[in-house]
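> Structural data only, the sequence is not supplied:
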Ligand SMILES: Cc1ncc(COP(=O)(O)O)c(C=O)c1O
Ligand SMILES: Cc1ncc(COP(=O)(O)O)c(C=O)c1O
């Protein structure tokens, strides 16, 4: 997947870009997309940047039946200095390959996929919104494309990157959410696909999410599938608690996704000299901490919202209000630090940000 | 989905039908397919039988990202009497709707989906092979089609039925297989999607299947995800044991698929006056029965093979040969009974067979 091997076919007509206040998450896409095809025995071929357009597949394409697919989600940010920045994109490509391995799918060349991504963003850079809190959401994904109904790994795949301008996650400052602790449905168990970013995990989660919605909660907190006692993660976020001055988050136990934001936050907290523990956390412990007044903060972490403070946790009918339903100090400080680094407003002591060259050669 | 509302658009050119000895499972499809579209607020619309052709979807179609999809698998048999028979097809439509419910997808009208299926088979009836053991495999499936990257149930779906002529599963009589008891990977847990026929379950199973393949086993036997002690099911089959004269099979515990063949076999066995128990079965119990010489038979059951005798079970390195690696009496008798009913050679005391009218009005 050498960069110079990427064929570029630019769109002759450009779409209208949505106004900053009309950005809807994941419904509007830029003018181009990156595509590469894989055939067993031949490897990746036909790497190309082409106008954004529909995909044509046989009804027996394996993706429709046996669901081999992996994806990633990251963002490009337009700084006030006019620079385009990516946040740890190599971590997403690394995770994509980990996911692919679990799903018996081929690896992509991480460095070259990153080159393709940068090239694509450069071509569509006018699509990156620059209002406060907006960004360009990047969705790399791979699907199985062989026409075959036998249950076996596909011999053909397609890897694509599509881009979608997205609005501010928080309209006015960051807002705490109400979370329902899920007691019936299970997201994943060790030995399953929980550590992979693959469609089936999300399909499985919709039912619980729908029921939580109806009860007025914004997301569910998943418990472990074995004992239904231990905290796993929230919807599409990892979770952290501040209990009696210490920050804790569930350890990577083989069933939760290793979030890039989770990993970054652990490093930032340690950099600040705070104590962070990755370990098993039972709901009972969270409940007791709440009863003792030691549950100081709770927050979700993920690419979409960066930090999502939890104002209320509902477990078996018990409403546990956290920090009086307000955003905690650590939550706020982490949010400002991470978004500051992402936008180039703050120093980046971790070397996380990848800045795109200002003048592009393409166009 | 009234039958008369199905628009029929016949293919102007017909494809070459494969010779009986060149049938490959799930790679060749007939001339037509059934398609219906669903839009939230509008319901199912545009029911049609059209020439078999590719599907066109936006790269952001939800199926590629969040995997809402359900499917079914059943067969049409051409009897020596020239009649076309389906085996309990209403059970498959019922299961399709159960699966859809778990995946937050819309229901189809079961009776009308069955009408569409019959109409489609009648149109493509010349594709049903009639050599011993061959049949027409029927794949109804539904996919989410809305263009939207937010994690939520799709507002648009497509339901399709495609048909594939398939060869004999057993070339010379039924053959016992070697099965590996899986200790690392997990297929499903209660609270997950194990009872639904949905892509994610199959995607999750490929890794274990590949590793078993490499070790010379034809399929894996899944254990429960909680204690990794109890028998669940095999690849795409349910499992039965004959232990000391009694037939046992894992109970429907919320993580295994309720096979139509499983259900039929339980009824046949009871009809014969045999004792059948649906209950928890630990691998330890199976192992002890083997040690005591009481593990008399083991077999998988499913639409593809009907009965697949198990000649060897390998658990943690211990090779347990069942019935000297030969097909057991009950396995053989069940196979002959079920295939006999399916082909109209034997009486059908259960009223399972649905015969298609001999003269079709279409064509
Ligand atoms: C299930 C799940 N957990 C956690 C996360 C957070 O991961 P990240 O911080 O890499 O966005 C996501 C979102 O990507 C997710 O889908
Ligand atoms: C996971 C699984 N279990 C069991 C079965 C057997 O079900 P049936 O007898 O309905 O074919 C199948 C096949 O459909 C399957 O995919």
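Arrived safely. Everything numeric here is computed off the predicted structure, so don't read it as measured data. Numbering: from 1, shown residues only, chains lettered A, B, ... in the order given. Ligands and ions are numbered 1, 2, ... in the order given.

> Now chain A against chain B: closest residue?
Proximity of chain A to chain B (C-beta to the nearest C-beta) peaks at residue A:200, 2.1 Å away. Where C-beta positions appear, they are placed from N, C-alpha and C, glycine not excepted.

> now for stretch A:309-321, what's the gap between its first and last residues?
Counting by C-alpha to C-alpha, to the nearest Å, you get 12 Å between the two ends of stretch A:309-321.

> Pull the residues that contact the one helix or strand residue A:340 maps to.
Using DSSP states H and E, the secondary-structure element containing residue A:340 is helix A:329-342. Applying C-beta atoms under 8 Å, 6 or more residues apart in numbering or on different chains, the set of residues contacting helix A:329-342 from outside is A:75, A:77, A:85, A:87, A:174, A:242, A:247, A:261, A:264-265, A:268-269, A:297, A:299, A:306-307, A:309, A:345-348, A:350, A:352-353.

> Name the residues of the following helix or strand past it that are buried.
Sequence order places strand A:353-355 as the next helix or strand after helix A:329-342, per DSSP H and E. Under the neighbour-count criterion of 16 or more other C-beta atoms under 10 Å in any protein chain shown, strand A:353-355 has A:353-354 buried.

> contacting residues around strand A:353-355?
Here strand A:353-355 makes contact (C-beta under 8 Å, 6+ apart) with A:83-90, A:341-342, A:344.

> one more time with 6 Å
Strand A:353-355 has contacts (C-beta atoms under 6 Å, 6 or more residues apart in numbering or on different chains) with A:83, A:85-86, A:89.

> who does that strand pair up with?
Using DSSP bridges, strand A:353-355 pairs in its sheet with strand A:84-87 (antiparallel).

> tell me what the helix or strand just after the partner strand is packed against?
Using DSSP H and E, the helix or strand that follows strand A:84-87 in sequence is helix A:89-102. Counting contacts by 3 or more C-beta pairs under 6 Å, 6 or more residues apart in numbering or on different chains; DSSP states H and E, helix A:89-102 is packed against strand A:69-71, helix A:110-123.

> Give the other helices and strands that the first one contacts.
Helices and strands in packing contact with strand A:69-71 are listed as helix A:89-102, strand A:135-144; criterion 3+ C-beta pairs under 6 Å, 6+ apart.

> If we use 10 Å, what do you get?
Counting contacts by 3 or more C-beta pairs under 10 Å, 6 or more residues apart in numbering or on different chains; DSSP states H and E, strand A:69-71 packs against helix A:89-102, strand A:135-144, strand A:156-166, helix A:199-214, helix B:63-66, helix B:199-214.

> so which of those is the most packed in?
Among these, helix B:63-66 has the highest mean neighbour count (mean count of other C-beta atoms under 10 Å in any protein chain shown), at a mean of 28.

> Can you confirm whether that helix lies near chain A?
Yes. Counting by C-beta under 10 Å from any C-beta of the partner chain, chain A is contacted by helix B:63-66 at B:63-66.

> Pop out the phi and psi values for the residue sitting nearest the centre point of chain A.
Nearest to the geometric centre of chain A sits residue A:73, at 4.2 Å (C-alpha atoms, centre = their mean). For residue A:73, the backbone dihedrals (degrees, to the nearest 10) come out as phi -140, psi 120.

> Give me the distance between the spatially closest residue to it that is not a sequence neighbour and ligand 1.
Once flanking residues are discounted, residue A:73 sits nearest to residue A:303: 5.3 Å by C-beta to C-beta, 6 or more residues apart in numbering or on different chains. According to C-beta to the nearest ligand atom, to the nearest Å, residue A:303 stands 3 Å off from ligand 1.

> Residue A:303 - how many residues pack around it?
Residue A:303 has 20 neighbours, counted by other C-beta atoms under 10 Å in any protein chain shown.

> That one contacts residue A:77, correct?
No. At 11.4 Å, residue A:303 does not count as touching residue A:77 under the criterion of C-beta atoms under 10 Å.

> got any residues that touch both of these two?
A:87, A:135 (C-beta atoms under 10 Å, 6 or more residues apart in numbering or on different chains).

> so who does the residue lying farthest from the centre of chain A touch?
Centroid-distance maximum for chain A: residue A:292 at 33.9 Å, with C-alpha atoms, centre = their mean. Going by C-beta under 10 Å, 6+ apart, residue A:292 touches A:243-244.

> Could I get the phi/psi values of it?
Dihedral angles (degrees, to the nearest 10) for residue A:292: phi -80, psi 0.

> cool, residue A:48 as well?
phi -160, psi 150.
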